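K.L.:
return a 3D structure for these sequence lines:
(chains A and B)
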Amino acid sequence: MKLTLGPMLYYWPRSQLLAFYEAALEWPVDIVYLGETVCARRHELRTADWLALAERFRDAGKTPVLSSQALLESASDSNLLGRLAASGYLVEANDLGAVKVARDAGVGFVAGPHLNIYNGPMLDWMAAAGAVCWLPPLELGHDAIAAVLAEKTCRIQTEVFAHGRLPLAFSARCFTARHYGLNKDECEFKCMEHPDGLLMETQEGKPFLRLNGIQTQSAACHTLWHHLDEVRELGVDSLRISPQSQYTPEIVAAFAARLAGNEAQADWATWNREGLVDGYWRGTAGIADPQGAEA
Amino acid sequence: MPVPPKLVCPAGSLPALKSAVDHGADAVYIGFRNATNARNFAGLNFSDAQIEEGRAYTRQRGRELLVAINTYARAGETALWRRAVDRAAELGADAVILADLGLMDYAHRTHPQLRLHLSVQGSATNAAAITMAHECFGVRRAVLPRVLTLPQVAHVIKVLAQDNVPVEIEVFGFGSLCVMAEGRCLLSSYATGEAPNLHGVCSPASFVRWENQDGTTRARLNGILIDSFAPDEPAGYPTLCKGRFVVDGATYYALEEPTSLNTLAILPELMKVGVAAIKVEGRQRSPAYVSAVTGTLRAALDAVAKPGYSVKSAWTHALERVSEGHQQTLGAYSRPWR
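P.N.:
Numbers count the residues shown, from 1 in each chain, chains lettered A, B, ... in the order given. Below you'll find the model as predicted:
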């Protein structure tokens, strides 16, 4: 199985973003997803910067993929997408409009996890539209993915979201701006103060979700670390690691070691202090943890 | 002259369907009694015989019957969803409301005469997505997610018209407010394992637990504390995006207040930009709700085409009584938080 670095879900200062990707050039990942997928207001890296990064990753022998925003609302969102598709790189489509742009441009695309591909006929349709790889919706686990793969008739690569906080929901409203009593259009880019999002706890002090601008994530980190044999047997082609502000290189290295058949020591208590969950993979509530405990 | 939008009302039962028709709905939307629709609640929805009776009732009165088959087909069980499309076609539905592209492909190929509406669960927020659905499946109407502002709704309609894409736009006019883009929210399955896309439910009642201690009422969803109510506070249903949580030491409605969408104030604008239909949310609500909301919106839509439209206080009060938390908002259309 290959290892992929998922798109950046957070808003970091330009220097931090560039340092992150500079380091990633050396990491044992085969595919790197680039581009802004959450909010059009985030602009520390511009389209030209992302395209320059794509070139560097290609030169480093990795496959760059340009990800599209999950929620395309405005005309400029759609125009940006056209530019990405015209660049000649693979794109990741997370919206039916993005699928159209890729199809019309005649470029292959990765059907992202927000396209809601829940069954074989829909996956076949995506493949016919030009998808070369797909990610199941995040809520699908082993049995459900197996059922899609059994039902499909197309040939297509499968990538699963293997490690990271789950991007669960998208809104027009910015919850980070709301927290600060700010309007979305005058948000003062508060997301930058929260490199891993803003934790949302229950009134009993239990971590539940994570506010990340217009995106709502799981507070905990979803992982397939304990299920890699099952993932391989399913015929999955690649595993996605979602960036976090600390310990991403350690996490990538640990997964890479496992995929190479080596022993790997993982220090999850340090790397993901927010805790691990894997309920979705096991066909239950996503918040359920690897010990089988529910919420 | 702009034409007032059609009024599309919900019915979770035959009495609700008749209420909607009797109070002036132009179209009523319903679902089968199974996982194929996004209000798959116990005791709700229609058997085949009831659909036939509902069909006769709407047809005799010149109204439309729309069938929502708007969850995503589960792999290995797609036959159930296809059968629902076949049944809707056989029963003479005026349109089916679909979200699953694989199912749309099937419907388009198998029942080319059947009118297709793109469900709000299909998450089409832009003209490109709607154009794609029209090109590939002949979709004739798209229901926009409740995340677009009024100018964005207008822009989508304008682009479709410029590109000669004959797809009507339907928007939500009243009802429970989703603050997340429909079809793009997994919060409920994260907490419970069940969510709208696959199960047709959100924050399902079977996972709700109420606790009372010293007068404080706690509402839990699968054990997760969604909200806690003081003795003098009315306790609301624990829809998980509408609870009070703690962020950085502050306890508040971190995602959204319990509130209903109400567009009476902007009906003239919705008509002017060319919205073809106004949808009322609430197949899970009672016939009394359907009567009150349908009657009120009928009166408003009849008034909107005439000069001097203004929101009558009787309408506001009627809708207030059936609103979530007795609060109402223009939601994303006005974007006070923008």
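K.L.:
what about residue B:91, neighbour count?
P.N.:
15 (other CB atoms under 10 Å in any protein chain shown). In short, each C-beta sits where N, CA and C put it, glycine included.
K.L.:
going along the chain, name the helices of chain A.
P.N.:
Residue ranges of the helices in chain A, as given by DSSP state H, are A:14-24, A:47-59, A:75-86, A:96-105, A:120-129, A:142-151, A:175-179, A:228-233, A:248-259, A:268-271.
K.L.:
and for stretch B:86-95, what's in contact with it?
P.N.:
B:27, B:32, B:48, B:51-52, B:55, B:59, B:64-67, B:69, B:96, B:107, B:110-111, B:113-117, B:140-141 (CB atoms under 8 Å, 6 or more residues apart in numbering or on different chains).
K.L.:
which strand in chain B has the most residues?
P.N.:
Ordering each strand of chain B by length in residues (DSSP state E) puts strand B:168-176 first.
K.L.:
summarise which helices and strands that one is packed against.
P.N.:
If contacts are counted by 3 or more CB pairs under 8 Å, 6 or more residues apart in numbering or on different chains; DSSP states H and E, strand B:168-176 sits against strand B:6-10, strand B:141-143, helix B:150-162, strand B:260-262, helix B:267-272, strand B:277-280, helix B:287-304.
K.L.:
any idea how far the residue most central in space within chain B is from residue B:4?
P.N.:
Nearest residue to the geometric centre of chain B (CA atoms, centre = their mean): residue B:281, 4.0 Å. The spacing between residue B:281 and residue B:4, counted by CB to CB, to the nearest Å, is 20 Å.
K.L.:
just the buried ones from the contacts of stretch B:86-95, in ChimeraX syntax?
P.N.:
Buried subset of the contacts of stretch B:86-95, written as a ChimeraX selection, criterion 16 or more other CB atoms under 10 Å in any protein chain shown:
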select /B:27,32,51,55,64,65,66,67,69,96,107,111,114,115,116,117,140,141
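K.L.:
the contacts of stretch B:86-95 also near chain A: which ones?
P.N.:
When CB under 8 Å from any CB of the partner chain is taken as the criterion, no member of the contacts of stretch B:86-95 contacts chain A.
K.L.:
return the subset of the contacts of stretch B:86-95 lying in strands.
P.N.:
Secondary structure from DSSP E places B:27, B:64-67, B:69, B:96, B:116-117, B:141 of the contacts of stretch B:86-95 in strands.
K.L.:
these into a markdown table, with extra columns for pLDDT and distance to residue B:313?
P.N.:
Listed next are those as a markdown table, based on pLDDT from 0 to 100; distance: CB to CB, whole Å:
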| residue | pLDDT | distance to residue B:313 |
| --- | --- | --- |
| B:27 | 98 | 28 |
| B:64 | 98 | 31 |
| B:65 | 97 | 33 |
| B:66 | 98 | 32 |
| B:67 | 97 | 36 |
| B:69 | 96 | 39 |
| B:96 | 98 | 38 |
| B:116 | 98 | 40 |
| B:117 | 98 | 34 |
| B:141 | 98 | 33 |
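K.L.:
surely residue A:153 is in contact with residue A:125?
P.N.:
No: counting by CB atoms under 8 Å, residue A:125 is not a contact partner of residue A:153; they are 10.8 Å apart.
K.L.:
any chance you could map the strands in the stretch 101-250 of chain A?
P.N.:
Assigned by DSSP state E, counting those that start in this stretch, the stretch 101-250 of chain A shows strands spanning A:109-111, A:131-134, A:157-171, A:198-201, A:207-212, A:215-223, A:238-241.
K.L.:
between these, which one is nearest to residue B:182?
P.N.:
Across these, residue B:182 has its closest neighbour in strand A:157-171 (10.2 Å, CB to CB).
K.L.:
mind giving me the packing neighbours of that closest one?
P.N.:
Counting by 3+ CB pairs under 8 Å, 6+ apart, strand A:157-171 packs on strand A:131-134, helix A:142-151, strand A:207-212, strand A:215-223, strand A:238-241, helix A:248-259, strand B:180-185, helix B:187-192.
K.L.:
can you rerun that using 6 Å?
P.N.:
Of the remaining helices and strands, those touching strand A:157-171 by 3 or more CB pairs under 6 Å, 6 or more residues apart in numbering or on different chains; DSSP states H and E are strand A:215-223, strand A:238-241, strand B:180-185, helix B:187-192.
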